[in-house]
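**Q** just coords:
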């Protein structure tokens, strides 16, 4: 992120003398010789003989030089990066998003400004300033959060919440600090401490913040369970033993870890007790009110305890003991006790509470059978997980336990006694699969378990007359049974040989399709009907998100293990991701349309990959085929696009908007094809830019077009034919929208010319036709859109735009004769300006004189508005001409400098050409017109004069607009004066004007405008002001005028000195600046005119700026000397 110059660092660490200390490095051969004498051989074979001074000093110098060079080489090696960024981002990125949502716009604004400042400082290679800017932006955003966050709690809870947010912000700052490369180089010892701080604090702070966010969305009832789940998750991510990214690998296993025993103990205590204490604190009134509440407390302690024991298999309790046998005993004994408690509590809290209707055994037999089933099943799973099932005896016991658990579970749910051998045989086969690794046994278990599932569904649900999710319950049961059977069969199919992996792919794809269909029906058809009773049911959004994440994780795991191929990964990824569209777009067909679109878009990303060679390129016919499929898929999604636009706008979208959305979607969907496989084909990238631009233009402009005959959609036709639009939205007066086609054509032609699709660079005649055509289309659009009442002005306006287009095009791409004709074109353009302006007023002068008073007033306003529009149009035209000429002159000077000979370092040693010249050589074909720089310099001497006239005309017109629109605002000059930066040095008016004086017109215009405005304000207040107001501020006479005029005169010395300084950059003595600076203070304090006060403040700024600029120039000159 924060890169530095390695050679600068190399120079910074070179020792100044041989006596400078040197340190051993891991990759230096001389480091072994610089260690202690006891660990290195003695260079002197006779230790009793004293070496000579010359030999000892030479040896010392050689050793110091070699050690210094080795140390510098080691510092040139790239420092280690923080390898746990993904893990930390998983915790802190959602936390930061939640804090931004709480803080709102103020926090987002402050943080955005701070990050922009950080980026600018980092771009300027101010590494320390960028580091402190990050922390300053975080502190400022946290202060803004304190004053703007909507935290409506009791004072104690609000304080704890704000403290939690501040700690999270601090952790984000620590994480950001680890990304600075210069810290890794200059202060490497602090990096392990920051890393340890992150891993120690995240498992404590982030679970609480995630629980806060979840409670805000789902309520407070199960908040302790949310905290328990997040604590387990972040304990697994951060509290397990992990190697540090900054500690050397030569450390021992315990020393290279990030966390120590204290942090491990603290995380364990947090995991075990904090969710329990949170439950007690939040439900203290009912914590012991029932046996279910007590079971909640036990579950909140023993479920994390079981998770802790399982995590100990990954080294979680390394700080307790390092003896593997002793740890195994702790795991088994404590796990058995915790499992018994958890099973009993789950029976009370879940099984008998929510599923009691499915338990057909009478009490107390049902309690016994449920206990045997759950406790036996949990014991078997736990024993197998910890590796206790291995020998013949344990395998036999595991098999007997599995058969017993299966029989007890079948009896308790009411399975027929005559069919009881069926679950017992099923339990035997699943136990045999785990002990003998027999696939035949697993498929036998799947077949028998499928029969049991089918019996359970038919026995409990088949006879119910219920319509759910738009279908009968029987149909839904069929889908559920099929989904369960596929889910049970897929693990066995995944264990088959690789040549049969297509069976796994078929099973996974079928299960994904069934899951998508079921969730689509549940999420979009949320009404259940039972004997005439309607009830709204809700398939929760988090279930869609959960099944999507689990499906993507399963696909990734099977892909890594090579159990499924790339095509199956492509199909499954698209199916699972398409479910997320249901969360954002309320359309009943959005899931399948999104799946079709993803299947069309994603092949360039998920297919055509070869791990040994990287991403392989498509062939041309494959690219065309995929682009066609993408366009067809986008067309099939037209109803979904229509419904999304209707939901966004609140009414049916226009045909232009619908067509633009379709084109834009197709263009964006083709970006992966071009970016990944045809990035070397310029034509493909240019066509893609045109398609995306066309879609954007259709979306923004919404041109009139009729698609009723091409849509072939009853949904869209019925929406357009709705008769209640006027009654709901009212009558909307429409205006002609056909001119938008002209603007679209103009922009598309311009993009085609810029991207060289239209080769105007090499064909002069085509260039002329292009310039005239673009001018005509743009001119007609401007006339029809903004001057539709003044038809007589149409030829003049179109001629003006055509002249401007020809001038800009041929200035950028000159021809052999354009340099002689363009000055006349510019003269015609300037001549059209007063003619058009005066003609606009004269056309309606007769109406102003003859009409009634109201009509005359309206006509006068219309004339004034049209004239202001004309002024704005001509200001824009002159600005474009000035910018184009400035750009061309700068390019010309740069090419001349390269032609005379640039420094060797700026040239490409491989080709012998400067970079720009080499680019020109590559892009200039043989058919291009030969128009040399020398010829352009001799024949294009008109360019600086035309550019200066355009700049001055634009500036004057903008001043006139400022006077008419804002009444002569003082602030406007600071935005208008930079226009004068476009002035050029010519041979007539601005002969002595060069690049050194480019800021002189800006400062002179600001000072002159403000002084003239101040004099006008003084005259207006003194001689034309209100008498009462004049008496209040000192009278309209000489006193007011003389006072403010004198104060204005006091501000002039600084302005004169600074403008003179901006012309010649001659340093003034400090005494002159010190004497003139206080002259501005009376103007700031005493004056009655705001403009004079602004001039005084500007004089102070000018004086300080002159001093600082002079000092910087002097320091630079001294360094050069």
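**A** It's in. For clarity, every value in this text was computed on a predicted model and none was experimentally measured.
**Q** can I see the domain layout of this protein?
**A** Per the TED database, the structural domains of the chain span 479-583, 601-610+617-713+736-857, 996-1120.
**Q** and the pLDDT for the residue nearest to residue 291 when sequence neighbours are not counted?
**A** Using C-beta to C-beta, 6 or more residues apart in numbering and skipping the chain neighbours, the partner closest in space to residue 291 is residue 348 (6.3 Å). From N, CA and C alone the C-beta is placed, and that goes for glycine too. Looking at residue 348, its pLDDT stands at 85.
**Q** ok, now residue 707?
**A** pLDDT recorded at residue 707 is 71.
**Q** this protein: strands as residue ranges?
**A** 466-468, 471-472, 527-530, 533-536, 609-610, 614-615 (DSSP state E).
**Q** pLDDT of stretch 216-230, averaged?
**A** For stretch 216-230, the mean pLDDT works out to 88.
**Q** I'd like the numbering to begin with 271 instead of 1 from here.
**A** Understood, numbering begins at 271; the last thing we discussed is stretch 486-500.
**Q** may I see the buried residues of that stretch?
**A** By 16 or more other C-beta atoms under 10 Å, the buried positions in stretch 486-500 come out as 493-500.
**Q** got the end-to-end distance for that stretch?
**A** Stretch 486-500 has an end-to-end distance of 15 Å (C-alpha to C-alpha, to the nearest Å).
**Q** also stretch 412-426?
**A** Length of stretch 412-426, first residue to last, C-alpha to C-alpha: 19 Å.
**Q** just the mean pLDDT for it, thanks.
**A** 75.
**Q** and what of stretch 928-938?
**A** Averaging pLDDT along stretch 928-938 yields 87.
**Q** quick one: distance of that stretch to the chain centre.
**A** 22 Å (C-alpha atoms, centre = their mean, to the nearest Å).
**Q** follow-up on the earlier one: does the residue nearest to residue 561 touch residue 566 like I think?
**A** No. Using C-beta atoms under 8 Å as the test, residue 618 is too far from residue 566 to be in contact (9.9 Å).
**Q** neighbour count: those two, which is higher?
**A** Legend: neighbour count by other C-beta atoms under 10 Å for residue 618 and residue 566, higher for residue 566 (22 against 18).
**Q** residue ranges with poor pLDDT in the stretch 771-920 of the chain?
**A** Along the stretch 771-920 of the chain, the parts satisfying pLDDT under 70 run over 796-808, 879-887.
**Q** would you map the helices across it?
**A** Per DSSP state H, counting those that start in this stretch, the stretch 771-920 of the chain carries helices over the ranges 771-794, 811-830, 836-848, 860-871, 873-876, 890-906, 908-919.
**Q** just give me the neighbour total for residue 1072.
**A** Residues near residue 1072, counting by other C-beta under 10 Å: 21.
**Q** next up, the contacts around it.
**A** 1041-1042, 1045-1046, 1049 (C-beta atoms under 8 Å, 6 or more residues apart in numbering).
**Q** so of those residues, which ones are in helices?
**A** For the contacts of residue 1072, membership in helices holds for 1041-1042, 1045-1046, 1049, with DSSP state H as the criterion.
**Q** which among the contacts of residue 1072 end up buried?
**A** Buried members of these, counted by 16+ other C-beta under 10 Å: 1041, 1045-1046, 1049.
**Q** need those residues in a markdown table (columns: distance to residue 717 and pLDDT).
**A** Shown next, in a markdown table, are those (distance: C-beta to C-beta, whole Å; pLDDT from 0 to 100):
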| residue | distance to residue 717 | pLDDT |
| --- | --- | --- |
| 1041 | 78 | 89 |
| 1045 | 79 | 90 |
| 1046 | 78 | 91 |
| 1049 | 79 | 89 |
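**Q** for residue 1281, which residues are in contact?
**A** Residue 1281 sits next to 1318, 1322, 1325, 1365 when contact means C-beta under 8 Å, 6+ apart.
**Q** and residue 1032, how close does it get to residue 403?
**A** Separation of residue 1032 from residue 403 (C-beta to C-beta, to the nearest Å): 49 Å.
**Q** which of these two has more neighbours?
**A** Neighbours per residue (other C-beta under 10 Å) separate residue 1032 from residue 403, with residue 403 holding more: 20 against 15.
**Q** what is the burial count for the closest residue to the more buried one other than its chain neighbours?
**A** Leaving aside its sequence neighbours, residue 403 sits nearest to residue 388 (C-beta to C-beta, 6+ apart; 4.3 Å). Here the number of neighbours of residue 388 (other C-beta under 10 Å) works out to 22.
**Q** how about the one 5 residues further on?
**A** Residue 393 has 9 neighbours, counted by other C-beta under 10 Å.
**Q** now swap in the one 4 residues further on and tell me
**A** Burial measure for residue 397: 19 neighbouring residues, criterion other C-beta under 10 Å.
**Q** you'd agree it is up against residue 452?
**A** Yes. Counting by C-beta under 8 Å, residue 397 does reach residue 452; the two are 4.5 Å apart.
**Q** my read: residue 944 touches residue 956, true?
**A** No. Taking C-beta under 8 Å as the definition, residue 944 is not a contact partner of residue 956, at 9.9 Å.
**Q** between the two, tell me which one has more neighbours.
**A** With neighbours defined as other C-beta under 10 Å, residue 944 and residue 956 compare such that residue 944 has more, 20 against 17.
**Q** tell me the pLDDT of the more buried one.
**A** pLDDT, residue 944: 86.
**Q** any idea of the pLDDT on the closest residue to residue 1364 other than its chain neighbours?
**A** Nearest in space to residue 1364, with sequence neighbours left out and distances taken as C-beta to C-beta, 6+ apart, is residue 1240 at 5.4 Å. Looking at residue 1240, its pLDDT is 82.
**Q** ok, now residue 1258?
**A** For residue 1258, pLDDT reads 64.
**Q** next one: residue 325
**A** Residue 325 carries a pLDDT value of 40.
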